[in-house]
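[1] model the following, please.
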Amino acid sequence: MVWSPPKKVVYLSAAATCASLACLMKDYTGGRRYEGSHRIDKKVVIITGSNTGIGKETAFELAKRGAHVVMACRDARKCEVARQDIVLRTKNKYVYCRICDLASQESIIQFAERFKSEHQRLDILINNAGIMRCPHTKTKEGIEMQLGVNHMGHFLLTNLLVDKLKASAPSRIINVSSVAHHKGKIHKEDLNSDKHYDKAEAYYQSKLANLLFTRELARRLQGTGVTVNAVHPGIVDTEIVRHMSFFNSTLSAIFLKPFIWMFIKSPGQGARTTVYMALEESLKDVSGKYFNNCTEEEVAPQAKDDIMAQWLWAVSEKWTRLDTIK
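    Predicted structure coming up:
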């Protein structure tokens, strides 16, 4: 007589096997890890939107490697909670919370002025914060919120800090964009979505703007020792989807998320390419490029339009009053 295990044991074994395979699949779809042991002790890093999600995981990874991390966030309470968690886990006390609301140019200017008074150098600027598919709202200056936060806010912040980056060269700027830029179009006749607002189109436009900004800034920074590159973090389970009702619905929680869980990156996985761009020594002279899963990729044709990049730069200078501020 051949012994057969009880059905309960068989079911549990099958369930454990499926769970293990799902975890392996999730790790695989999470993309490459940065495998280097490179440390950046005492290097100063700014990360926008770093109290949660990809930004927080990026701050944790860089603090773990000895960086002095400045968390640029709009919510002081949430930032302090995240800061304490990072300090406790990394044993790195050089992690700071500073208010920077990218929907307010006054807040951005105040952040930049305080940073320059407190720090002698800036080695890495990570423009990570973002908003996606929000209702039609505007920044304090009247700029459509997605364009205002995702592009204009980071445009202003970067330009206010570029002299500090040059003085600290070799230094790096990393702009978090998205594969969604492939669907993007710069609406020259209605850049601010005043005539027509479609939350998806406005998001795509802002992500294309990230890449045009990266391209033009890389051209302007040639020979300075400052590099600038863009990254796509992947489809990541973070607060950025808070305005997408479908992903936050009961229906989605029951029927969708259990099946797509293994294909959606965790915040830690979403931070991998950003961390790679910040640490990988072979990239010290690479600029004006776009990376996904720690690998350089081609951008959409409209992201290579130098004339559009220069037009957007000129408009961005005007809308942020950069000439007046500087």
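[2] just read off the phi/psi values of K140.
    Dihedral pair for K140: phi -60, psi -20, per degrees, to the nearest 10.
[3] for E296, helix, strand, or coil?
    Here E296 takes the strand state, with states given by DSSP: H, G, I helix; E, B strand; the rest coil.
[4] quick check: the gap between it and M277.
    10 Å (Cβ to Cβ, to the nearest Å). C-beta here means a position set from N, CA and C on the backbone, and glycine is covered the same way.
[5] tell me which of those two has more neighbours.
    It is M277, of E296 and M277, that has more neighbours when counted by other Cβ atoms under 10 Å, with 26 against 11.
[6] isn't the more buried one up against I174?
    Yes - contact criterion Cβ atoms under 8 Å: M277 and I174 qualify, at 4.9 Å.
[7] identify the contacts common to these two.
    The contact sets of M277 and I174 overlap at 229, 231 (Cβ atoms under 8 Å, 6 or more residues apart in numbering).
[8] any idea how far the helix or strand hosting T274 is from the chain center?
    Assigned by DSSP states H and E, T274 belongs to helix 272-279. Chain-centre distance of helix 272-279: 11 Å, with Cα atoms, centre = their mean, to the nearest Å.
[9] with stretch 83-103 instead?
    16 Å.
[10] tell me where the protein has helices.
    Applying DSSP state H to the chain gives helices spanning 7-29, 53-64, 76-90, 105-118, 145-147, 154-167, 199-220, 250-251, 257-260, 267-270, 272-279, 306-319, 322-325.
[11] nearest to Y290, out of those?
    helix 199-220 (6.4 Å; Cβ to Cβ).
[12] now the closest one: mean pLDDT?
    The average pLDDT for helix 199-220 rounds to 98.
[13] from the chain's centroid, how far away is it?
    That offset, for helix 199-220, works out to 13 Å (Cα atoms, centre = their mean).
[14] what packs against it?
    helix 145-147, helix 154-167, strand 171-176, strand 226-232, helix 306-319 (3 or more Cβ pairs under 8 Å, 6 or more residues apart in numbering; DSSP states H and E).
[15] now do the third one and helix 272-279, the angle between them.
    It stands for strand 171-176. 170 degrees (axes from the mean of the first three to the mean of the last three Cα atoms, to 10 degrees).
[16] and the pLDDT for the residue nearest the centre of the chain?
    In the chain, the residue lying closest to the centroid (Cα atoms, centre = their mean) is N128, at 2.8 Å. Looking at N128, its pLDDT is 98.
[17] and stretch 188-203, end to end?
    Distance across stretch 188-203, first residue to last, is 15 Å (Cα to Cα, to the nearest Å).
[18] what residues of it count as buried?
    191-193, 199, 201-203 (16 or more other Cβ atoms under 10 Å).
[19] residues in contact with it: which ones?
    Against stretch 188-203 from outside (Cβ under 8 Å, 6+ apart): 132-136, 142-144, 146-147, 150, 180, 183, 185, 187, 205, 243, 311, 315.
[20] how far does that stretch sit from the chain's center?
    22 Å.
[21] what of stretch 157-177?
    On Cα atoms, centre = their mean, the centre of stretch 157-177 falls 15 Å from that of its chain.
[22] likewise stretch 293-307?
    17 Å.
[23] mind checking pLDDT for F259?
    pLDDT at F259 comes out at 49.
[24] sorry, that was for K265
    70.
[25] so what's it bridging to?
    V236 (DSSP bridges).
[26] surely it meets P233?
    Yes - counting by Cβ under 8 Å, K265 does reach P233; the two are 7.3 Å apart.
[27] so for the two, which sits in the more crowded spot?
    P233 (27 against 21).
[28] quick one, what contacts that one?
    By Cβ under 8 Å, 6+ apart, the neighbours of P233 are 54, 176, 178, 265, 270-271, 273-274.
[29] ok, of these, which one's closest to E216?
    Among the contacts of P233, and counting by Cβ to Cβ, the member closest to E216 is V176, at 17.3 Å.
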